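**Student:** have a look at this prediction, sequence included:
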Amino acid sequence: MKFHVLTLFPEMIAQGLGQGILGKAAGKQLFTLNVVNIRDYTQERHGKVDDYPYGGGAGMLMQAQPVYDAYKAVAGGRKIRTIYVTPQGEPFTQKKARELSEEEELLFLCGHYEGIDERVLEEIVTDSVSIGDYVLTGGELPAMVMIDAIARLLPGVLGNDASAEEESFHCDLLEYPQYSRPEIWHGKQVPEVLLAGDHRKTAAWRLEQSISRTARRRPDLYEKYCKKQDIIKRLFSEKRNNIHMMEALASGRGEILYAADTGTSGEWDILVYDGESGICMMTAADETSGKMLAERIPADARWIVISQPFMKEILEKREFSDSGRTFPEDRKGKFRETALCGQMLYTPRETLSVRYKEVHRLSEKAFSYICLHYPEKEGGGEDYIRERIRAGALYGAFEEERLIGFAGVHRGGSLGMLYVEESRRGRGIGESLEAYVVNQMLGKGRTPYLYVDEKDIAMYRLQEKLGFYKARKNFLWLKKVLANGMTLC
Ligand code: ADE
């Protein structure tokens, strides 16, 4: 990731971000920071960059010319995602940080005085973002706040994969209290449960603490959490058919856009959207509900997963076609697209044994190998693969340090992307890769599930051997195909 910052106070940014964890990460080239002094681009003789606002009013405005020239010096002819830090922007949230962390390059524009000439903002700004409902003297501190929140999500920056995931605001809950040595300090004892070494009890205690802390300190978040839990409970009563929605909600990626019990067919009307992967999951009680839900599909949705066949026609009218997902056709590198998938889930909490020992998380070194063996169409090609590696979601099997197969977790949360070189098949390597991924997901408290080509009996058998069982319904995967034949990526 490359961060560029346009500012009148370059030392402030360089010093503020050059320390601690971020300083170390920049030293390791995990990201780069390019700080540009806007004043270097003024055409005024005395280095002036501001002037009085037309129409009068208090204070001075930053002029368009130096800001634009500083921007051009960085961007050249490229279009870079440009964030104007301003109290009038959309609120900066963990979700926004996650979204921005997926860019290759970001440019922050820090305002000063009373703001910046609107005309240059119109030309270069893609996002206006605020860090809160208060006004600071300039944009440098907000820019640093945002860069810190984004940079800590980049692979390797925290040096511990788990810590970025278990942060405050994960799944709408604040983090639980933490304790370190000594066991007693100022007469206060570390809670007994944390000393006993029982992971299950520790996890339960932490969840309980997170809930009560959130209820006390952030009633707004707590209300959101309770609503979500109610729906998860409802989905749980039909777990076998709802695991994709439950997982999207429980992992914090999914948002409930609509949920209501129509009381008619026993089906609920539910629309869950995972904005990160662009997957919209829905069930509708009947066609009328289906049409109403279709109206609520977000404009940037790329996939729809449904289990009611009558929804197909309704959604085709909204540019969703049944070209579906890509599955291996013959295990020899040929692939075919199918809209109808079976869904399988693994509900035991016990980890699986991994017989083939050389399975490890993959790094960027594996990128070209995966691109070569993974079908271009699924999930958006090379960018998708790069993103999955960076998220730490791909695992590889090695033979004498050479990669011979891989498997992973899709951005939407299902297991998949399984591949083993033909000459290495029949030795249980695919099974071990999958078992390894299952164990990783269990370790994160997830319920592993996957999609199987509805006609692929051999694949069902393999999954059953591992302990997966099949949902009663089949699922239809529809892909957004625009009128010009393009798909959204
Ligand atoms: N500039 C001044 N105050 C700000 C705020 N609250 N957020 C973002 N930029 C700002």
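**Tutor:** Nice, thanks for sending it over. Numbers count the residues shown, from 1 in each chain.

**Student:** which SS state does the closest residue to residue 306 other than its chain neighbours fall under?
**Tutor:** Leaving out its chain neighbours, the residue that sits closest to residue 306 by C-beta to C-beta, 6 or more residues apart in numbering is residue 476, at 5.2 Å. Using the backbone N, CA and C atoms, a C-beta is placed for each residue, glycine as well. For residue 476, the secondary structure call by DSSP: H, G, I helix; E, B strand; the rest coil comes out as strand.

**Student:** may I have the beta-bridge partners of residue 476?
**Tutor:** residue 306, residue 340 (DSSP bridges).

**Student:** that one: neighbour count?
**Tutor:** The local packing of residue 476 (other C-beta atoms under 10 Å) involves 22 other residues.

**Student:** my read: it touches residue 314, true?
**Tutor:** No: counting by C-beta atoms under 8 Å, residue 476 does not reach residue 314; the two are 11.6 Å apart.

**Student:** ok so residue 106 is a strand residue?
**Tutor:** Yes: according to three-state DSSP, residue 106 belongs to a strand.

**Student:** got the end-to-end distance for stretch 404-424?
**Tutor:** 7 Å (C-alpha to C-alpha, to the nearest Å).

**Student:** apologies, that question was intended for stretch 447-456.
**Tutor:** 22 Å.

**Student:** which parts of it are buried?
**Tutor:** 447, 448, 449, 450, 451, 452, 453, 454, 456 (16 or more other C-beta atoms under 10 Å).

**Student:** need the pLDDT of the last one.
**Tutor:** So the one you mean is residue 456. Reported pLDDT at residue 456 in the predicted model: 84.

**Student:** what do you get for the second one?
**Tutor:** Reported pLDDT at residue 448 in the predicted model: 95.

**Student:** and it, what does it touch?
**Tutor:** 345, 346, 415, 437, 438, 441, 442, 468 (C-beta atoms under 8 Å, 6 or more residues apart in numbering).

**Student:** ok, and the closest non-adjacent residue to the second one?
**Tutor:** It refers to residue 346. Residue 346's closest residue in space is residue 448 (C-beta to C-beta, 6+ apart), at 4.4 Å.

**Student:** who's in contact with the spatially most central residue of the chain?
**Tutor:** For the chain, residue 276 is the residue whose C-alpha lies nearest the centre (C-alpha atoms, centre = their mean; 4.7 Å). Residues in contact with residue 276 (C-beta under 8 Å, 6+ apart) are 98, 99, 253, 411.

**Student:** quick check, pLDDT for it.
**Tutor:** 84.

**Student:** one more: the one 4 residues further on?
**Tutor:** You'll see residue 280 listed with a pLDDT of 96.

**Student:** give me phi/psi at it?
**Tutor:** Residue 280 adopts backbone torsions of phi -110, psi 120, taken as degrees, to the nearest 10.

**Student:** what's the spacing between it and the ligand?
**Tutor:** Residue 280 sits 32 Å away from the ligand when distances are taken as C-beta to the nearest ligand atom, to the nearest Å.

**Student:** so what's that residue closest to, chain neighbours aside?
**Tutor:** Using C-beta to C-beta, 6+ apart, the closest residue to residue 280 is residue 301 (4.4 Å).

**Student:** what does residue 302 give?
**Tutor:** Once flanking residues are discounted, residue 302 sits nearest to residue 278: 3.5 Å by C-beta to C-beta, 6+ apart.

**Student:** mind listing what that neighbour touches?
**Tutor:** With C-beta under 8 Å, 6+ apart, residue 278 has these contacts: 300, 301, 302, 303, 488.

**Student:** of the residues you listed, closest to the ligand?
**Tutor:** Checking the contacts of residue 278 against the ligand with C-beta to the nearest ligand atom, the nearest one is residue 300 at 24.7 Å.

**Student:** returning to what we had before: isn't the residue nearest to residue 280 up against residue 273?
**Tutor:** Yes: using C-beta under 8 Å, residue 301 is in contact with residue 273, at 6.7 Å.

**Student:** one step back: scan the contacts of residue 276 and report the most crowded one.
**Tutor:** Going by other C-beta under 10 Å, residue 253 tops the contacts of residue 276 with 21 neighbours.
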